[in-house]
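> Sharing a model that was predicted from the sequence below.
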Amino acid sequence: MITMEAATPTQAAIRALDALIRPPPDRVRLMCPVCQASGRIRVDPARVRSMASAGGGVMQLQVQAGEICDHAFTVHVDAHLCARCAYQ
Ligand SMILES: [Zn+2]
């Protein structure tokens, strides 16, 4: 007799599979440190994946004037695509 436990994968297993199959996000939500305008910019998914598989770290993104607002600024983003800090 097969129990429900054996027949259905656990939530943890589903999440682990999902993380493997689903591509990493390729957009990061940022806020301008000058005018607080927020927007999303594209990042290279391969860069995010290699950073995540390396166990963390941050990458530096240059935001050009006109991408989110009229300001150009630099932001540090971690492997979960959380903006750590932004400066002009
Ligand atoms: Zn701005």
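Received it, and whenever you're ready, just let me know what you need. Numbering: from 1, shown residues only.

> Next, count neighbours for the closest residue in space to Val58 that isn't next to it in sequence.
Nearest residue to Val58 in three dimensions, chain neighbours excluded: His76, at 4.5 Å (C-beta to C-beta, 6 or more residues apart in numbering). In this view, the C-beta of every residue, glycine as well, is placed from N, C-alpha and C. Under the neighbour criterion other C-beta atoms under 10 Å, His76 is assigned a count of 15.

> Can you list the buried residues in the one helix or strand His76 maps to?
Taking DSSP states H and E as the criterion, His76 maps to strand 73-78. Using 16 or more other C-beta atoms under 10 Å as the test for burial, strand 73-78 gives 73, 75, 77-78.

> Adjacent strands (with direction) for it?
If you go by DSSP bridges, strand 73-78 pairs up with strand 58-63 (antiparallel), strand 83-87 (antiparallel).

> hang on, the residue nearest to Val58 packs against Gly57?
No: at 9.9 Å, His76 does not count as touching Gly57 under the criterion of C-beta atoms under 8 Å.

> Quick one: residues contacting Gly56.
For Gly56, the contact set (C-beta atoms under 8 Å, 6 or more residues apart in numbering) comprises 78-79.

> if you set the cut-off to 10 Å instead, what comes out?
78-80 (C-beta atoms under 10 Å, 6 or more residues apart in numbering).

> so which of those comes closest to the ion?
Closest approach to the ion among these (C-beta to the ion): Asp78, at 21.9 Å.

> could you give me the average pLDDT of the longest helix seen in the chain?
In the chain, assigned by DSSP state H, the helix with the most residues is helix 11-21. Averaged over helix 11-21, pLDDT sits at 77.

> By pLDDT, give me the weakest of the buried residues of strand 73-78.
Asp78 (82).

> OK, contacts around it?
Contact partners of Asp78, counting by C-beta under 10 Å, 6+ apart, are 28, 48, 51-52, 56-59, 84.
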